[in-house]
Structures are given as C-alpha cells and as structure tokens.
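Chemist: just need the structure, nothing else, for what follows:
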Amino acid sequence: QVQLAESGGGLVQAGGSLRLSCVASGRTFSTYTMGWFRQAPGKEREFVAAISYTGGTTHYADSVKGRFTISRNNAKNTVYLQMNSLKPEDTAVYYCAGDTVPFVYTIVSIARRYGYWGQGTQVTVSS
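Modeler: Down below sits the predicted model:
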C-alpha cells in the first residue's frame, strides 16, 4: 500500500511559478510510475505529466509541454511538478498518482491505470 500527499498549491498571478510536491509512504515508491493529473470545476480529470520509476523518462500533455517539469527523488519518496509561465487555464486541483504502470505514452496518461492517489492540492492562477 502507498499513501500519497500533495503540497505546494496556492494562488499565483499569470506568468508566475509554483512547485508541487507529492510525498509517498511505503517502500514501493521507487518501483512506481508517477503521474500528475488535474481537474478543473465542471471538467474531467486530465493528464498533466508522468515519470518512469527511474526518473529517466517523462511524458507531458501538450498543454503544459515546455512550461511544466516533472521530476522525482526516490531517496526522498517524492515526486515534483515545477510549473512555470502559469496561465489562468491551469487553475485546477492537482493530484499525484502512482502505480506499476508500463511507461507507454498512451497508457501513463490514463487516470484509471493508477491505483494510488493523493487528496489533491488547489492551484489558482489569476489573470
């Protein structure tokens, strides 16, 4: 079993930056693909970014490519999402997720492939 806890959300002006963190409990974190998803009010949960268990491979949604960076520190059981050049449309609750998901782009972007989820952290970008 893995428990995930996000932090780092908040209110920021457009063009600003935030860094989200997700700390995992348990000894299996280093074997998990980790992903970030987000959900805006009235919208479905959408994929943001994913990182392989070694950290050597990443994948991003087109909407955040070049602005967001996912990384992980397996020694600290933590995955990060550095968000730069934020836009009002990035406003959402951000969730981290983990599981033994094969790192295939068409698979890691699917929310139901992940069995472990955090509670989410709110990110609000004002214009």
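Chemist: ok so R27 is a helix residue?
Modeler: No. Judged by DSSP: H, G, I helix; E, B strand; the rest coil, R27 forms no part of a helix; its state is coil.
Chemist: so who does it touch?
Modeler: Residues counted as contacts of R27 (C-beta atoms under 8 Å, 6 or more residues apart in numbering): none. Every C-beta, even on glycine, is put in place using the N, C-alpha and C of the backbone.
Chemist: please tell me how far it sits from N74.
Modeler: 11 Å (C-beta to C-beta, to the nearest Å).
Chemist: before we move on, what about G115?
Modeler: Applying C-beta to C-beta, the value for G115 to N74 is 19 Å.
Chemist: the two - which one has more neighbours?
Modeler: N74 (16 against 13; other C-beta atoms under 10 Å).
Chemist: isn't the more buried one right up against G56?
Modeler: No. At 11.5 Å, N74 does not count as touching G56 under the criterion of C-beta atoms under 8 Å.
Chemist: how about L11: what's its closest non-neighbour residue?
Modeler: T124 (4.7 Å; C-beta to C-beta, 6 or more residues apart in numbering).
Chemist: and that neighbour, which of the three is it?
Modeler: Going by three-state DSSP: T124 is strand.
Chemist: does S52 touch G35 like I think?
Modeler: No. Under the criterion of C-beta under 8 Å, S52 makes no contact with G35, lying 10.5 Å away.
Chemist: more neighbours: the two, which one.
Modeler: For the pair S52 and G35, the greater number of neighbours falls to G35 (28 against 17), based on other C-beta under 10 Å.
Chemist: partners of the more buried one in the sheet?
Modeler: Following DSSP bridges, G35 is listed with bridge partners A50, A97.
Chemist: can we start the residue count at 673 from this point?
Modeler: Sure, I'll start numbering at 673, so the last one becomes G707.
Chemist: middle-most residue in the protein, spatially?
Modeler: Taking C-alpha atoms, centre = their mean as the criterion, W708 is the residue nearest the geometric centre of the chain, at 2.0 Å.
Chemist: what's near enough to touch the nearest residue to T741 once chain neighbours are set aside?
Modeler: Nearest residue to T741, sequence neighbours excluded (C-beta to C-beta, 6+ apart): Q754, at 4.4 Å. Residues counted as contacts of Q754 (C-beta under 8 Å, 6+ apart) are S689, R691, F740, T741, I742, S743.
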